[in-house]
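Student: 3D model of this:
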Amino acid sequence: PLRAELLTEGGGGSRTAYFANGKKFEQQILRWEPNTYYSFRFNPEPGFRVGYVFELSAGIFRMMAGAY
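Tutor: Okay, here's the model as predicted:
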C-alpha cells in the first residue's frame, strides 16, 4: 500500500489501506496486541486485483483474513 489510515484502534476497530492503482481495502481488526499480534478481516473493494489475475473481492482466490 501507499499508505494506511487507522480509523479506530483495538479489536473491533478498522484500518484502510490505499494503493497506487486507486483501489483500497478495509481491515476489520479482530485482535490487537501492540508490538505482539495483529489479526484482521480483509475486505477489498470490488475489482481489487493482484498481479492483474486474482480478483480478491469475488474471485476463486480470496483473502478472507490475515495475521502477523
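Student: ranges for the strands of the protein?
Tutor: Ranges of strands within the chain are 3-8, 14-18, 24-33, 37-44, 49-50, 54-55, 65-67, based on DSSP state E.
Student: so who does Ala67 touch?
Tutor: Applying CB atoms under 8 Å, 6 or more residues apart in numbering to Ala67 gives the contacts 31, 37-40. For every residue, glycine as well, the C-beta is placed using N, CA and C.
Student: between the residues you listed, which is nearest Glu5?
Tutor: Taking CB to CB as the measure, Glu5 lies nearest Phe40 of the contacts of Ala67, at 13.9 Å.
Student: now that closest one: how far from Val53?
Tutor: 23 Å (CB to CB, to the nearest Å).
Student: over to Ile29?
Tutor: Using CB to CB, we find Ile29 at a distance of 28 Å from Val53.
Student: can you check Leu2 too?
Tutor: Counting by CB to CB, the gap from Leu2 to Val53 is 21 Å.
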